[in-house]
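Engineer: Attaching a predicted model along with its sequence, questions to come.
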Amino acid sequence: MAKTAGDTRRNDPEGTKENILEVATQEFSEFGLSGARVDSIAEKTRTSKRMIYYYYGSKEGLYLAVLERAYRKIRSLEADLQLAELPPDEALRRLINTTFDHDEQNPDFVRLVSIENIHHAMHMKRSSEIADLNISVIRTLQDIIDRGLQGNHFKRRVDAIDLHMLISAFCFFRVSNRYTFGTIFERDLSEPALYARHQQMIADAVLSYLRSE
């Protein structure tokens, strides 16, 4: 006897939740928290509004779960890089390139963060997971900085959070402002040659900063 959609949902609740989060990510990133519709998410996932509320409590709860999933994804990517095994300058370049590629390939992440900034991080403040998740990248950067100073790869002592902000700012801006910047200066920031030049430029700039007194 063939399984129905309802049977599949009952037998794979984690798969159902992941599907809900995937569709909700698109909905929230396109329409924002206020404009997104749970009815639309339910329709696209072949679930129900009742089921979504059962899993996430409310529209705001679903939005927060989407934010947590977005941060979990990038921190997981970083954890897989095995940066401790690389010389500090190579480790930092790889981390920068990963951030650069992630933001380019995940514009939904950039839009979600921008939306949450509009809300003054009101929903993010309710999440202990997001704060805990982001400790890892600061620890990774601190380890790279410490190893770089000890091995005389770097000369400048820099705060790890400041360094994270510097890297994030450049990578984030290219995606968040690609349409306005591209319109003003008539440049397609996703054009392969320009993309590669910018990726090298940010890594070279950060490494040059750390190597100077």
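Structural biologist: Perfect, thanks for sending it.
Engineer: Remind me which helix or strand L77 belongs to.
Structural biologist: L77 is part of helix 59-79 when elements are defined by DSSP states H and E.
Engineer: go on, V206?
Structural biologist: Secondary structure from DSSP H and E places V206 in helix 192-211.
Engineer: Buried residues, that helix. List them.
Structural biologist: Under the neighbour-count criterion of 16 or more other C-beta atoms under 10 Å, helix 192-211 has Y195, H198, Q199, I202, A203, V206, L207, L210 buried. Bear in mind the C-beta positions are built from the backbone N, C-alpha and C, glycine included.
Engineer: And stretch 16-26, by the same measure?
Structural biologist: When burial is assessed from 16+ other C-beta under 10 Å, stretch 16-26 yields the following buried residues: T16, K17, N19, I20, L21, E22, V23, A24, T25, Q26.
Engineer: okay, these in TSV with secondary structure, pLDDT and distance to A70 next?
Structural biologist: Supplementary listing: the buried residues of stretch 16-26 in TSV, determined by DSSP: H, G, I helix; E, B strand; the rest coil; pLDDT from 0 to 100; distance: C-beta to C-beta, whole Å:
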residue	secondary structure	pLDDT	distance to A70
T16	helix	92	19
K17	helix	94	15
N19	helix	95	16
I20	helix	97	14
L21	helix	97	9
E22	helix	96	11
V23	helix	97	14
A24	helix	97	11
T25	helix	97	7
Q26	helix	96	12
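Engineer: Out of the residues you listed, which comes closest to C171?
Structural biologist: T25 (19.1 Å; C-beta to C-beta).
Engineer: pretty sure that closest one contacts R111?
Structural biologist: No - applying C-beta atoms under 8 Å as the test, T25 and R111 come out as separate, 9.5 Å apart.
Engineer: number of nearby residues for the spatially closest residue to K155 that is not a sequence neighbour?
Structural biologist: If the residues on either side of it in the chain are set aside, K155 comes closest to E213, at 5.3 Å by C-beta to C-beta, 6 or more residues apart in numbering. E213 is surrounded by 4 other residues when neighbours are defined as other C-beta atoms under 10 Å.
Engineer: What are the boundaries of the helices in the chain?
Structural biologist: Under the criterion DSSP state H, the chain carries helices at the ranges 5-11, 13-35, 38-45, 49-56, 59-79, 88-105, 107-118, 128-150, 160-176, 178-185, 192-211.
Engineer: Quick check: mean pLDDT of the third one?
Structural biologist: Confidence over helix 38-45 (mean pLDDT, whole number) is 95.
Engineer: Can you list the helices and strands that that helix packs against?
Structural biologist: Of the remaining helices and strands, those touching helix 38-45 by 3 or more C-beta pairs under 8 Å, 6 or more residues apart in numbering; DSSP states H and E are helix 13-35, helix 49-56, helix 59-79.
Engineer: So what angle separates the directions of it and helix 13-35?
Structural biologist: What separates the directions of helix 38-45 and helix 13-35 is an angle of 140 degrees, with axes from the mean of the first three to the mean of the last three C-alpha atoms, to 10 degrees.
Engineer: Give me the residue ranges of this structure where confidence is low.
Structural biologist: 1-11 (pLDDT under 70).
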